[in-house]
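Colleague: with the sequence up front, the predicted model follows.
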2 protein chains.
Amino acid sequence: MAAKSRPKSDVPDVSDRVSRIREGVTAAILEHRLLPGTKLGEDEIGEIYGASRTLVRTALQQLAHEGIVNIEKNRGAFVARPTPADAREVFEARRLIEPTIVDHAVDAVSPAWLDRLQQHLTEEREAELRGDARASVRLSGEFHRLVAEMSGHSIYLGFLKELIARSSLIILLYRRHDTPACGTDHHAEIVTAIRKRDKQTACAQMLSHLNEIEAELFLKDPAADELRLADVLGAG
Amino acid sequence: MAAKSRPKSDVPDVSDRVSRIREGVTAAILEHRLLPGTKLGEDEIGEIYGASRTLVRTALQQLAHEGIVNIEKNRGAFVARPTPADAREVFEARRLIEPTIVDHAVDAVSPAWLDRLQQHLTEEREAELRGDARASVRLSGEFHRLVAEMSGHSIYLGFLKELIARSSLIILLYRRHDTPACGTDHHAEIVTAIRKRDKQTACAQMLSHLNEIEAELFLKDPAADELRLADVLGAG
DNA sequence: ACAGGCGAAACTTTATACAATCTTCGCCCA
DNA sequence: TGGGCGAAGATTGTATAAAGTTTCGCCTGT
């Protein structure tokens, strides 16, 4: 009875074939295996997942709505290439929403959630020690999603999922140095504050964490977009 | 040349047949012509818009992502019926985002935008004098969307579009009295503050506007959901 | 040698046909 | 008479085929 219908808003069913495609492509983008501008051919993806183009198309449309894929009419789907202006908007939105999410998360503190958070920190640390950059990138985003789930606020969760996915692309495109290690300690500090039910500190640390991430970015003048485009293509 | 491609993020092309369907259904929901729980049959809609089921499905999936339509597997699409918990989340999110949007809108003030806002206030007033409840409901939501467009923040705009659409359903379901006239004056006051470039007042008035809207709602305990459901069905 | 245009191939878009699932109505039995 | 079983109808999910568009290569003309 309980296993039959799951009207959850954003993750309808893991067994759903469309969801499998969407989550697979999303993971590939979040782990920086698919770079911005990459063409996502329907046949190509369909063959990978053993699905017809109908299902692939549905998945791609969902990803387009989430902002990590651009669909150009009669041209196809491409991994999105956020502009510096997009990047500023994304991080401004995160600075607005995430402290509020942390506030709610502190209200929802429970032993089960603390275990979950602690386990996540361990995974992050292990991936980093292992030098697994892809896992690190993915887990870094999942930490923020985990806090949002903990807050129990489904709308903020949905918004943040979009923002996290876009952030991953932004960081890939505009990071100054290769500094994947900077964020982990922040996450641990945030968890500590959450455990102490110290809202003020938790929110403040989330905010400064986001500020540090954005400070690591090089968001040049929007007018110079085409330069950067050539830059990236040349590097690929 | 300019009329050919329009890579705008949320409104790809008015001439797009999928967009026509989506906007038509959206308008019907926002104007309360389609009530929560209404079945949206694919053949039915397809016949209305002279489109095949393929296009209708695409449009319905987009609406599902926006939260105003629920798609149940093998059952079909239905106009969403937000719960009181959903309602509280939606208004909390609006209280968080909209003051920030107003802040940005004040920065973007220009004669053209002020004209646009003034014209909108006139339309709202006319619809109300005319006693056109449907137009009033629609225009009331469009005011908030207009301010978000003015802010130039495309991510906030996208988020707010979802929140406004859901709010329309929420107000329909949970409004205590039939008081469609209460909001207009608030809108005028907000425009006045924006014109004066008075951020503090503008944000504060937007916030109190949202608080008053929510105060008009009767959001009972989530446990009593089924009562309200029978209530609504009995009234229709 | 180079520029412009023609044509074919690949891809997306749309429509239609088929399969699977659910709902409903009628019938039978207790 | 009421409830349960079953088949028919309707609706959605999926696949495939036809149609339209773009892109790239090649050929021709200057």
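Modeller: Cool, the structure landed. Residues are numbered from 1 along each chain as shown, chains lettered A, B, ... in the order given.
Colleague: tell me the confidence at the residue lying closest to residue A:60 once chain neighbours are set aside?
Modeller: Once flanking residues are discounted, residue A:60 sits nearest to residue A:77: 4.6 Å by CB to CB, 6 or more residues apart in numbering or on different chains. In short, each C-beta sits where N, CA and C put it, glycine included. You'll see residue A:77 listed with a pLDDT of 97.
Colleague: could you do residue A:16 as well?
Modeller: 84.
Colleague: now do the contacts for the closest residue to DNA strand C within chain A.
Modeller: Residue of chain A nearest DNA strand C, by CB to the nearest atom of the strand: residue A:76 (3.3 Å). By CB atoms under 8 Å, 6 or more residues apart in numbering or on different chains, the contact set of residue A:76 is A:39, A:40, A:41, A:42.
Colleague: which SS state does residue A:177 fall under?
Modeller: Under DSSP: H, G, I helix; E, B strand; the rest coil, residue A:177 falls in the coil class.
Colleague: what is the burial count for it?
Modeller: 8 (other CB atoms under 10 Å in any protein chain shown).
Colleague: let me see the contact set for it.
Modeller: residue A:216.
Colleague: report pLDDT for it.
Modeller: For residue A:177, pLDDT reads 74.
Colleague: how close does it sit to residue A:216?
Modeller: Distance, residue A:177 to residue A:216, by CB to CB, to the nearest Å: 7 Å.
Colleague: swap in residue A:113?
Modeller: Distance from residue A:113 to residue A:216, by CB to CB: 29 Å.
Colleague: which residues in chain A form helices?
Modeller: Taking DSSP state H to define them, one finds helices in chain A at A:17-30, A:42-49, A:53-66, A:84-107, A:111-129, A:133-151, A:154-174, A:182-195, A:199-215, A:225-235.
Colleague: any chance of these in CSV, with distance to residue B:203 and mean neighbour count too?
Modeller: Compiled in CSV, the helices of chain A are given as follows (distance: least, CB to CB, whole Å; neighbours: other CB atoms under 10 Å in any protein chain shown):
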stretch, distance to residue B:203, mean neighbour count
helix A:17-30, 35, 19
helix A:42-49, 45, 14
helix A:53-66, 29, 20
helix A:84-107, 13, 20
helix A:111-129, 33, 15
helix A:133-151, 24, 20
helix A:154-174, 20, 21
helix A:182-195, 28, 19
helix A:199-215, 19, 18
helix A:225-235, 32, 11
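Colleague: as CSV, these with distance to DNA strand D would be great.
Modeller: Shown next, in CSV, are these (distance: least, CB to the nearest atom of the strand, whole Å):
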stretch, distance to DNA strand D
helix A:17-30, 5
helix A:42-49, 8
helix A:53-66, 4
helix A:84-107, 23
helix A:111-129, 31
helix A:133-151, 26
helix A:154-174, 21
helix A:182-195, 37
helix A:199-215, 34
helix A:225-235, 13
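Colleague: contact residues of chain A facing chain B?
Modeller: Counting by CB under 8 Å from any CB of the partner chain, chain A comes close to chain B at A:5, A:7, A:9, A:12-13, A:58, A:61-62, A:65, A:67, A:70, A:72-73, A:86, A:89-90, A:92-93, A:96-97, A:100, A:153-156, A:159, A:163.
Colleague: from those residues, which are also near DNA strand C?
Modeller: A:72, A:73 (CB under 7 Å from any atom of the strand).
Colleague: any idea how far residue A:176 is from the closest residue to DNA strand D within chain A?
Modeller: For chain A, the residue positioned closest to DNA strand D under CB to the nearest atom of the strand is residue A:52, at a distance of 3.2 Å. Distance of residue A:52 to residue A:176, given as CB to CB: 43 Å.
Colleague: so between those two, which is more surrounded?
Modeller: residue A:52 (12 against 9).
Colleague: next one: phi and psi at the more buried one?
Modeller: phi -80, psi 170 (degrees, to the nearest 10).
Colleague: contact partners for it?
Modeller: residue A:46.
Colleague: walk me through the domains of chain A.
Modeller: Chain A breaks down into these domains under automatic domain parsing: A:17-79, A:84-215.
Colleague: ok, residue A:120 - contacts?
Modeller: Per CB under 8 Å, 6+ apart, neighbours of residue A:120: A:139, A:142, A:143, A:146, A:187.
Colleague: let's see that with 6 Å instead.
Modeller: A:143, A:146 (CB atoms under 6 Å, 6 or more residues apart in numbering or on different chains).
Colleague: cool, residue A:97 as well?
Modeller: residue A:156.
Colleague: now residue A:30
Modeller: A:138, A:168.
Colleague: relative to residue A:167, how far out is it?
Modeller: For residue A:30 relative to residue A:167 (CB to CB), the value is 10 Å.
Colleague: out of the domains of chain A, the one nearest residue B:24 is which?
Modeller: domain A:17-79 (18.6 Å; CB to CB).
Colleague: and that closest one, end to end?
Modeller: The first residue of domain A:17-79 is 21 Å away from its last residue (CA to CA, to the nearest Å).
Colleague: what residues does chain A put near DNA strand C?
Modeller: A:39-43, A:53-54, A:57, A:71-77.
Colleague: switch to 6 Å and redo it
Modeller: Applying CB under 6 Å from any atom of the strand, one finds that chain A approaches DNA strand C through A:41, A:42, A:43, A:53, A:71, A:73, A:74, A:76.
Colleague: nearest to residue A:211, out of the residues you listed: which one, please.
Modeller: Taking these together and measuring to residue A:211 by CB to CB, the closest member is residue A:71, at 33.0 Å.
Colleague: what stretches of chain A score poorly on pLDDT?
Modeller: For chain A, the stretches with pLDDT under 70 are A:1-15, A:178-184, A:221-236.
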